[in-house]
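Peer 1: Got a predicted model here, sequence first, then my questions.
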Amino acid sequence: MIAIRKKNIAVVITTYNNPKSLELCLLSFQNQTYQNFEIFIADDGSKDETRDLILRLKRELPFSIYHHWHPDLGYRKAK
């Protein structure tokens with residue numbers, strides 16, 4: 001029998017065209033001793049540089065990252 005392990009913590013990070021800060025934030029999660037989490041990035045219409053960073057880090061980091069993007073139609077991070 002295979003046991004499916006559910007994640008206990010969901011981390012939500014909002015971002016908008018600030019890939020350097022987002023990268024530092026995501027990399028900092030490598031140092032957590034508790035690793036039972038997944039990360040959701042709420043992207044308020046960032047340009048391709050942010051998307052490319054997230055795609056790269058999804059391959060490199062040991063935890064799940066989900067990227068949710070919507071078009072830039074003004075400030076809507078919380079939507």
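Peer 2: Received it, and whenever you're ready, just let me know what you need. Numbering: from 1, shown residues only.
Peer 1: where exactly do the strands run in this protein?
Peer 2: Under the criterion DSSP state E, the chain contains strands at 9-15, 37-43, 64-69.
Peer 1: Can you tell me which of those is packed in deepest?
Peer 2: Most buried of these by mean neighbour count (mean count of other CB atoms under 10 Å) is strand 37-43; its value is a mean of 18. The C-beta positions use only the backbone N, C-alpha and C, and glycine is treated the same way.
Peer 1: Could you list the low-confidence segments of this protein?
Peer 2: Scanning the chain with the threshold set as pLDDT under 70 gives 1-7, 75-79.
Peer 1: In the longest helix seen in it, which residues are buried?
Peer 2: Secondary structure assigned by DSSP state H gives helix 48-60 as the longest helix of the chain. Buried positions in helix 48-60, judged by neighbour count with 16 or more other CB atoms under 10 Å: 50, 53-54, 57-58.
Peer 1: Is L57 in contact with L26, as I believe?
Peer 2: Yes: because the distance of 5.4 Å satisfies CB atoms under 8 Å, L57 is recorded as touching L26.
Peer 1: Would you reformat the strands of the chain as a markdown table and include distance to Q30?
Peer 2: Output for these, formatted as a markdown table (distance: least, CB to CB, whole Å):
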| stretch | distance to Q30 |
| --- | --- |
| strand 9-15 | 13 |
| strand 37-43 | 11 |
| strand 64-69 | 12 |
